[in-house]
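Peer 1: Pasting the sequence and the predicted coordinates here, then a few questions.
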Amino acid sequence: MSPDSTSNAKPISLTHYLIDEQRAGRVNADLRLLIEVVARACKTIAVAVGKGALGGVLGDAGTGNVQGEAQKKLDVIANDVLLEANAWGGHLAGLASEEMEHSQPIPDVYPRGNYLLLFDPLDGSSNIDVNVSVGTIFSVLHCPDGVNTPEDQHYLQAGTTQVAAGYCIYGPSTMMVLTVGNGTHAFTLDREHGSFILTQRGMMVPQETQEFAINMSNRRHWDAPMQHYVDDLLAGKDGVRGKDFNMRWIASMVADVHRILTRGGIFIYPWDRKDPSKPGKLRLMYEANPMSFLVEQAGGAATDGRTRIMDIAPSGLHQRVPVFLGSKKEVEEATRYHLKHDRG
Ligand SMILES: O=P(O)(O)OC[C@H]1O[C@](O)(COP(=O)(O)O)[C@@H](O)[C@@H]1O
Ligand SMILES: [Mg+2]
Ligand SMILES: [Mg+2]
């Protein structure tokens, strides 16, 4: 991929981009350095992922996480890399991970900053052993004023309060996609020089789409408006939508969202009856909020089928939520089916 097409001069590195944002007053030095620490950790994870079967990193760890899900070795490795890198950074007050039951304040022996970092260290774990793209997702919040040792409750802030969010995709190339609230931008890892280079400034999700991403095997477990909506997509030109739709499902949210940020589409993981006690599969704080921030900054939309995701007031660190995100008009259409059903 060619470097940022808006520039004929030298390639713009992530560091350079962040310094420009700092000069413009949109990030401060602490946030800039925090993002650089996360990017460095992602490079380490990319190396581990890239070793695959040769590095002994594939397969199950033999442990379960707080959510009762079996952990892969790479889930544990990626979590450890992010924890270690950020404990030293000096820009955080604490961090929380999908893989840990509770948040962790930065130990007293290290310098503490004013931000909270939340992450899904390895997203798409079921794809690791079959050599399909996986990723890391992260979200940055302010530590509330006057809180020196943050606890879980201090992370329960709506997505609208995020100061930065991003993901790193470990695919044919490694890319970091980032927002600090001023557009969504993609950086590709130059493996020879070890730096992330700006390759797409201002990603824009097309408003309309003919592509949807969903795990269709759950169809019989969905509720009525969801079945109705997808039936209408499948009816294509012959149905009320009047156009044919294509379907893609990678089962790595990072990879599916990356495709949508690149060429449009709608990503859906709805509530289903398989485990009615869970309001969804994906996690609000580690997956839905950061991805919603990135997609909205790229002109797209994100709802839980009824409400804007970033407006949801979180009630738990590991809270789950239905997710509909991507091309704005299609997300609005899917949301309309649910609201119409609610009105009766
Ligand atoms: O296997 P399913 O039910 O289709 O679920 C796939 C979804 O689950 C996830 O893998 C959940 O993420 P984790 O791998 O971080 O648990 C998403 O990346 C993906 O969209
Ligand atoms: Mg995930
Ligand atoms: Mg994960």
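Peer 2: Looks like it came in fine. Numbers count the residues shown, from 1 in each chain. Ligands and ions are numbered 1, 2, ... in the order given.
Peer 1: Now do the SS call for the residue of the stretch 201-344 of the chain found nearest ligand 3.
Peer 2: For the stretch 201-344 of the chain, the nearest residue to ligand 3 under the criterion C-beta to the ion is Tyr286, separated by 7.5 Å. Yep, even glycine has a C-beta here, placed from its N, CA and C like the rest. For Tyr286, the reduced secondary structure class is helix; criterion used: DSSP: H, G, I helix; E, B strand; the rest coil.
Peer 1: how close does it sit to ligand 1?
Peer 2: Taking C-beta to the nearest ligand atom, to the nearest Å as the measure, Tyr286 falls 8 Å from ligand 1.
Peer 1: Next up, the contacts around that residue.
Peer 2: Residues touching Tyr286, when contacts are defined by C-beta atoms under 8 Å, 6 or more residues apart in numbering, comprise 96-98, 118-120, 137, 139.
Peer 1: Ile268 too?
Peer 2: With C-beta under 8 Å, 6+ apart as the criterion, the residues that contact Ile268 are 212-214, 323-324, 334.
Peer 1: Tell me the most packed of the contacts of Tyr286, by neighbour count.
Peer 2: By neighbour count, taken as other C-beta atoms under 10 Å, the most surrounded of the contacts of Tyr286 turns out to be Ser139 (31 neighbours).
Peer 1: strand partners of the helix or strand encompassing that one, parallel vs antiparallel please.
Peer 2: Under the criterion of DSSP states H and E, Ser139 resides in strand 134-142. For strand 134-142, the paired strands and their directions (DSSP bridges) are strand 115-123 (antiparallel), strand 164-170 (antiparallel).
Peer 1: what number of residues lie near the residue of the stretch 51-200 of the chain found nearest ligand 1?
Peer 2: The stretch 51-200 of the chain approaches ligand 1 most closely through Ser125 (3.7 Å), counting by C-beta to the nearest ligand atom. Burial of Ser125 is recorded as 22 neighbouring residues (other C-beta under 10 Å).
Peer 1: Quick check on it: phi, psi?
Peer 2: Backbone dihedrals for Ser125, given as degrees, to the nearest 10, come out at phi -50, psi -30.
Peer 1: burial of the residue in the stretch 151-300 of the chain that ligand 2 sits nearest to, as a residue count?
Peer 2: Taking C-beta to the ion, ligand 2 has its nearest neighbour within the stretch 151-300 of the chain at Glu287, 5.1 Å off. By other C-beta under 10 Å, 27 other residues sit near Glu287.
Peer 1: just Ala85 next, same as before
Peer 2: Other residues lying near Ala85 total 18 when counted by other C-beta under 10 Å.
Peer 1: any idea how far Lys274 is from it?
Peer 2: 36 Å (C-beta to C-beta, to the nearest Å).
Peer 1: ditto for Gly62
Peer 2: Gly62 sits 25 Å away from Lys274, taking C-beta to C-beta as the criterion.
Peer 1: pLDDT and distance to Lys328 added to the contacts of Tyr286, as JSON lines?
Peer 2: Shown next, in JSON lines, are those (pLDDT from 0 to 100; distance: C-beta to C-beta, whole Å):
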{"residue": "Ala96", "pLDDT": "97", "distance to Lys328": "30"}
{"residue": "Ser97", "pLDDT": "96", "distance to Lys328": "31"}
{"residue": "Glu98", "pLDDT": "95", "distance to Lys328": "28"}
{"residue": "Leu118", "pLDDT": "98", "distance to Lys328": "26"}
{"residue": "Phe119", "pLDDT": "97", "distance to Lys328": "27"}
{"residue": "Asp120", "pLDDT": "97", "distance to Lys328": "25"}
{"residue": "Ile137", "pLDDT": "98", "distance to Lys328": "21"}
{"residue": "Ser139", "pLDDT": "98", "distance to Lys328": "22"}
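Peer 1: show me which of the residues you listed neighbour ligand 2.
Peer 2: Asp120 (C-beta under 5 Å from the ion).
Peer 1: Up against ligand 1, what does the stretch 101-250 of the chain have?
Peer 2: Remark: the part of the stretch 101-250 of the chain in contact with ligand 1 comprises 120, 123-126, 215, using C-beta under 6 Å from any ligand atom.
Peer 1: filter those down to the ones near ligand 3?
Peer 2: Okay, of these touching ligand 3 (C-beta under 5 Å from the ion), that's 120, 123.
Peer 1: Identify the farthest-apart pair in the residues of the stretch 101-250 of the chain next to ligand 1.
Peer 2: Of all pairs drawn from these, the one with the largest separation by C-beta to C-beta is Asp120 and Asn215; the distance is 17.8 Å.
Peer 1: re earlier: hmm, the residue of the stretch 51-200 of the chain closest to ligand 1 is touching Leu74, no?
Peer 2: Yes - applying C-beta atoms under 8 Å, one finds Ser125 in contact with Leu74, separated by 7.3 Å.
Peer 1: what residues do the two have in common as contacts?
Peer 2: When contacts are counted by C-beta under 8 Å, 6+ apart, Ser125 and Leu74 have Val134 as shared neighbours.
Peer 1: Any chance of a markdown table for the strands paired with strand 134-142, columns distance to Ala186?
Peer 2: As requested, the strands paired with strand 134-142 are exported to a markdown table (distance: least, C-beta to C-beta, whole Å):
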| stretch | distance to Ala186 |
| --- | --- |
| strand 115-123 | 17 |
| strand 164-170 | 9 |
